[in-house]
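Undergrad: sequence unknown, structure follows:
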Ligand code: THU
């Protein structure tokens with residue numbers, strides 16, 4: 001439990017760094033790699049709205065730059081700026097990004113407004129998904 005608390009703490013610390021002057025919705029994500037290292041990211045918006053990036057994408061960028069390419073677990077927290085967390089499920093695009101590095105079994109941890117943790121697998125949140133194996137027959 002301490003380990004999961006640490007992962008949420010890393011996600012919450014990343015959320016503080018969010019650059020979200022348009023949505024005012026601050027998100028943080030922290031990835032636990034199989035080797036025990038943690039990499040985090042926040043959402044970074046842009047005046048050209050579609051150019052903004054999600055917290056999960058930032059965390060994955062840090063993961064890869066750290067020399068890792070596997071996600072064992074990811075904790076995600078989000079909510080309006082200056083307020084507490086609400087349950088913040090990853091968007092569709094981020095589910096696909098997590099699937100790339102986490103396969104079907106990586107755990108996705110979310111925390112609701114009461115502090116209750118809900119845990120899903122990638123397969124739960126992205127059923128019948130397209131992944132690296134889908135290209136193997138080509
Ligand atoms: N956001 C994330 O960072 N991750 C998600 O999975 C959902 C949405 C960000 C994008 C945007 O900066 C803000 O939350 C509002 O959509």
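TA: In hand now; what should we look at? All figures in this text were calculated on a predicted structure; none of them were measured in a lab.
Undergrad: Phi and psi next, for residue 41.
TA: Residue 41 adopts backbone torsions of phi -160, psi 160, taken as degrees, to the nearest 10.
Undergrad: Can you list the neighbours in contact with the helix or strand encompassing residue 58?
TA: Here residue 58, judged by DSSP states H and E, is contained in helix 55-65. Residues from elsewhere that reach helix 55-65 (Cβ atoms under 8 Å, 6 or more residues apart in numbering): 11, 14-15, 18, 27-31, 33, 39-44, 69, 71, 74, 76, 78, 90, 94, 97-98, 101. Placement of C-beta: from N, CA and C, glycine included.
Undergrad: What segments of this structure are strands?
TA: 25-32, 38-42, 73-80, 107-111, 117-121 (DSSP state E).
Undergrad: Indicate whether the helix holding residue 58 makes contact with the ligand.
TA: Yes. Using Cβ under 6 Å from any ligand atom, helix 55-65 reaches the ligand at 55-56.
Undergrad: sorry, back to before: filter the contacts of helix 55-65 down to the buried ones.
TA: For those, a burial check counting by 16 or more other Cβ atoms under 10 Å picks out 11, 14-15, 18, 27-31, 33, 39-44, 71, 74, 76, 78, 90, 94, 97-98, 101.
Undergrad: Spit out the contact partners of residue 125.
TA: With contact taken as Cβ under 8 Å, 6+ apart, residue 125 is in contact with 89-90, 95, 108.
Undergrad: any idea how far residue 114 is from the residue nearest the centre of the chain?
TA: The residue lying closest to the centre of the chain (Cα atoms, centre = their mean) is residue 56, at 3.5 Å. Separation of residue 56 from residue 114 (Cβ to Cβ, to the nearest Å) stands at 23 Å.
Undergrad: Repeat that for residue 81.
TA: Distance, residue 81 to residue 114, by Cβ to Cβ: 20 Å.
Undergrad: Please say which of the two ends up with more neighbours.
TA: It is residue 81, of residue 81 and residue 114, that has more neighbours when counted by other Cβ atoms under 10 Å, with 12 against 8.
Undergrad: Please look at that one and residue 26 and confirm they touch.
TA: Yes. Applying Cβ atoms under 8 Å as the test, residue 81 and residue 26 come out as touching, 5.2 Å apart.
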